[in-house]
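Chemist: turn this into a structure:
(chains A, B, C and D)
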2 protein chains.
Amino acid sequence: MHTRRRYHHGDLRSALLTRAEETLREKGPAALSLRELARDLGVSHAAPSRHFKDKQALLDALALTGFDRLDEAFATRLEEAGDSFPERLAAAARAYVDFGTANSELLDLMYSIKHTPEASEDLLAASQRWTDRTVGLIAEGQRRGEVREGPLERVGVGVFSTLHGYATLAASGSLPSEVREQGLDELVAYMLRGCAPAKAD
Amino acid sequence: MHTRRRYHHGDLRSALLTRAEETLREKGPAALSLRELARDLGVSHAAPSRHFKDKQALLDALALTGFDRLDEAFATRLEEAGDSFPERLAAAARAYVDFGTANSELLDLMYSIKHTPEASEDLLAASQRWTDRTVGLIAEGQRRGEVREGPLERVGVGVFSTLHGYATLAASGSLPSEVREQGLDELVAYMLRGCAPAKAD
DNA sequence: ACCTGAACACCGTTCAAGT
DNA sequence: ACCTGAACACCGTTCAAGT
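Modeler: Numbering: from 1, shown residues only, chains lettered A, B, ... in the order given. Predicted coordinates:
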């Protein structure tokens, strides 16, 4: 007797996203095709359109899951981290860099998608939420007196740029190989000096 | 009598690149099609294959022109800049950021292209050449005693990450609007503190 | 509600043939 | 040397029709 499976296995939408990420990772963004996805999952080529109005809609949704997982990894690292600002900044850096190296094509998709003329509302929100989260970390440091005073948008932009740049460079393989993991502590020290209070001694 | 024009106007290859960059800028990377390019230029759809074996080959060539122009802008700014390290770092930052905001889709292409399974030799070289150039700037600072000692790959990575991150964030519109131009001086100061010699006073 | 099958306009790539 | 025209396999999207 026909059990709970709807047509193929119950949740085509998430199956499409999962498969899409696999081929993105394995064959690159240019190889991503709705029809091939449908074939891989054993449904007709028109089936995906019930769940994503567009190929772009699927890409947006995929990027969104990326931001969700980045947030999650970020939160997890922060929970595990110590209480001091340097430790928390290091945890954030590690979360970002690890995510970027483990999901380089996805990270690229997450940020390149803004260049498409019509960017999804949810995606812009997710991107903004992620920005706010890392800026929030700087605010923490400020309250503890480990980050110089001033408006957050100005004080935080350096650290945010460094984190983003390092993560994307690591993801695109543009970082000298001897740097990566060992370089992270040094990068954190660099950021700390950069945003340290004006004068202490 | 048939003048010097070969078939259409003499240099299809560069005409393709020029037109490709226009549509990249105006309609985004997804809208780039060899056949439409050919139509726009009034040649047959098969004509581009004489100059680019592949769509990917055209994209690679386009990214390459991007690196060339970035190098050029960088060199020009450095010539105009004063002699001091802070001034030269500021000039470099401005060159990078201006290029990124004026050519955001192209900058994205230049770096995302490494995620394609088969990356062109020339393109990797151009990317490396650009990295070397900015690291060279750090080496300058080191010789003048304005940058801390240590191996260049380790000392330079912070500044390089910050520059790259700021430029790509600016390009993707992820930077709070009030920051951009005014924020650059502050960013330079942040980088200078980050890579300053260990102790001075 | 969810999917199929056929149809349409488009695409990248190849290749014999033209000048 | 450089380009055309036809051909092939593929693609995204739409829509009537099926269950």
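Chemist: any idea which element the residue in chain A positioned nearest to chain B lies in?
Modeler: Closest to chain B within chain A is A:Gly165: 2.6 Å, counting by CB to the nearest CB. From N, CA and C alone the C-beta is placed, and that goes for glycine too. Per DSSP states H and E, A:Gly165 falls inside helix A:152-171.
Chemist: flag every buried residue along whichever helix or strand comes after that helix.
Modeler: Next along the chain after helix A:152-171, taking DSSP H and E as the criterion, comes helix A:180-195. Residues of helix A:180-195 classed as buried by neighbour count (16 or more other CB atoms under 10 Å in any protein chain shown): A:183-184, A:187-188, A:190-195.
Chemist: what's the farthest-apart pair in those?
Modeler: Farthest-apart pair in those is A:Gly183 and A:Cys195; separation 18.5 Å (CB to CB).
Chemist: does anything pack onto the helix or strand A:Leu107 falls within? Which helices or strands?
Modeler: Counting by DSSP H and E, the element that carries A:Leu107 is helix A:104-112. For helix A:104-112, the packing partners by 3 or more CB pairs under 8 Å, 6 or more residues apart in numbering or on different chains; DSSP states H and E come out as helix A:12-27, helix A:55-80, helix A:152-171, helix B:104-112.
Chemist: contacting residues around A:Leu34?
Modeler: A:45, A:48, A:55, A:58 (CB atoms under 8 Å, 6 or more residues apart in numbering or on different chains).
Chemist: residue contacts, the last one?
Modeler: Looking back up the chat, that one is A:Leu58. Neighbour list for A:Leu58: A:16-17, A:20, A:34, A:48, A:52 [criterion: CB under 8 Å, 6+ apart].
Chemist: DNA strand C: which of those residues is nearest?
Modeler: Checking the contacts of A:Leu58 against DNA strand C by CB to the nearest atom of the strand gives A:Pro48 as the nearest, at 8.2 Å.
Chemist: that closest one reaches A:Ala15, doesn't it?
Modeler: No: under the criterion of CB atoms under 8 Å, A:Pro48 makes no contact with A:Ala15, lying 10.0 Å away.
Chemist: mind checking which of the contacts of A:Leu58 are buried?
Modeler: Listed as buried from the contacts of A:Leu58 are A:16-17, A:20, A:34, A:48, A:52; burial here means 16+ other CB under 10 Å.
Chemist: near DNA strand D, from those?
Modeler: Here is what survives when the buried ones among the contacts of A:Leu58 are matched to DNA strand D using CB under 7 Å from any atom of the strand: A:Leu34.
Chemist: by mean pLDDT, which helix or strand of chain A comes out lowest?
Modeler: Ranked by mean pLDDT, DSSP states H and E, the weakest helix or strand in chain A is helix A:180-195, scoring a mean of 91.
Chemist: give me the distance from that one to the chain's centre.
Modeler: The chain centre lies 20 Å from the centre of helix A:180-195; the measure is CA atoms, centre = their mean, to the nearest Å.
Chemist: ok, now stretch A:131-149?
Modeler: 20 Å.
Chemist: what's the answer for stretch A:128-142, then?
Modeler: Stretch A:128-142 sits 15 Å away from the centroid of its parent chain (CA atoms, centre = their mean).
Chemist: ok, the nearest residue to A:Arg25 once chain neighbours are set aside - contacts?
Modeler: Leaving aside its sequence neighbours, A:Arg25 sits nearest to A:Glu105 (CB to CB, 6 or more residues apart in numbering or on different chains; 5.8 Å). With contact taken as CB under 8 Å, 6+ apart, A:Glu105 is in contact with A:24-25, A:28-29, B:115.
Chemist: so which of those residues is the closest to B:Arg129?
Modeler: After measuring the contacts of A:Glu105 against B:Arg129 - CB to CB - the closest member comes out as B:His115, at 19.8 Å.
Chemist: isn't the closest one right up against A:Pro29?
Modeler: Yes: assessed by CB under 8 Å, B:His115 is found in contact with A:Pro29 at 7.0 Å.
Chemist: run through the residues that contact A:Gly141.
Modeler: Applying CB under 8 Å, 6+ apart, the residues near A:Gly141 are A:85, A:88-89, A:147, A:195.
Chemist: A:Arg69 versus that one, what's the distance?
Modeler: 25 Å (CB to CB, to the nearest Å).
Chemist: just A:Ala189 next, same as before
Modeler: Counting by CB to CB, the gap from A:Ala189 to A:Arg69 is 28 Å.
Chemist: one step back: the contacts of A:Gly141: which two are farthest apart?
Modeler: Longest span within the contacts of A:Gly141, CB to CB: A:Arg88 and A:Cys195, 13.1 Å.
Chemist: what mean pLDDT does the one helix or strand A:Trp130 maps to get?
Modeler: Under the criterion of DSSP H and E, A:Trp130 resides in helix A:121-143. Taken as a whole, helix A:121-143 has a mean pLDDT of 94.
Chemist: got the CA coordinates for that helix in CSV?
Modeler: The C-alpha coordinates for helix A:121-143 follow below in CSV (Å, rounded to 0.1, in the frame of the first residue of the first chain):
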residue,chain,number,x,y,z
GLU,A,121,14.9,39.7,-0.3
ASP,A,122,15.6,36.9,2.1
LEU,A,123,19.2,36.6,0.8
LEU,A,124,20.0,40.2,1.4
ALA,A,125,18.5,39.9,4.9
ALA,A,126,20.7,36.8,5.6
SER,A,127,23.8,38.6,4.4
GLN,A,128,23.0,41.6,6.5
ARG,A,129,22.3,39.4,9.5
TRP,A,130,25.7,37.8,9.2
THR,A,131,27.3,41.2,8.9
ASP,A,132,25.5,42.4,12.0
ARG,A,133,26.6,39.3,13.9
THR,A,134,30.3,39.9,13.3
VAL,A,135,30.0,43.6,13.9
GLY,A,136,28.3,42.6,17.2
LEU,A,137,31.4,40.8,18.2
ILE,A,138,33.4,44.0,17.7
ALA,A,139,30.8,45.8,19.9
GLU,A,140,31.5,43.2,22.6
GLY,A,141,35.2,44.0,22.4
GLN,A,142,34.4,47.7,22.6
ARG,A,143,32.4,47.2,25.8
